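Novice: Sequence and predicted model, in that order:
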Amino acid sequence: MILAVLSALAEPTRLDAMRLLADGSEHCVCELMQRLGATQSRMSRRMQVLKQAGLVVDRRDAQWVRYRINPELPLSLARLVEAALERQIMVMGAAA
């Protein structure tokens, strides 16, 4: 699992998306596309990798897909992500 997380965070667009999601809010693909200068298909593929690694969860809202950092990340993975992002993330197990 750690290898999948490190691999997912190794790509710059995915890492930037995680930085945006680190505020604890949900963000739609359209917002991520705009802020990161990515096409819809590119952003969706990047987010799918993050989802498969267990780093993000998604929620469908009509035609939009909204993403947020997985609030149930194990504490060890939350700390790893925080180190990669160089900022604290909002997850259930990381409040300490």
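Specialist: Arrived safely.
Novice: SS state for residue 58?
Specialist: strand (DSSP: H, G, I helix; E, B strand; the rest coil).
Novice: hang on, I meant residue 31
Specialist: Residue 31 is classified as helix under three-state DSSP.
Novice: What count of nearby residues applies to the nearest residue to it once chain neighbours are set aside?
Specialist: Excluding the flanking residues, the one nearest residue 31 by CB to CB, 6 or more residues apart in numbering is residue 20, at 8.0 Å. For glycine as for every other residue, the C-beta is placed from the backbone atoms N, C-alpha and C. Using other CB atoms under 10 Å, residue 20 is surrounded by 15 other residues.
Novice: show me what contacts residue 20?
Specialist: The contact partners of residue 20, taken as CB atoms under 8 Å, 6 or more residues apart in numbering, are 27, 31-32, 35-36.
Novice: Could you report the pLDDT at it?
Specialist: Looking at residue 20, its pLDDT is 96.
Novice: Same question for residue 1.
Specialist: 78.
Novice: what do you get for residue 5?
Specialist: In this model, residue 5 carries a pLDDT of 93.
Novice: where's it, which helix or strand?
Specialist: helix 2-9 (DSSP states H and E).
Novice: Quick one: name whatever helix or strand follows that helix.
Specialist: Helix 2-9 is succeeded, C-terminally, by helix 12-21 (DSSP H and E).
Novice: After that following helix, which helix or strand is next?
Specialist: Assigned by DSSP H and E, the successor of helix 12-21 is strand 27-28.
Novice: Sheet partners, orientation included, of that next one?
Specialist: strand 64-69 (antiparallel) (DSSP bridges).
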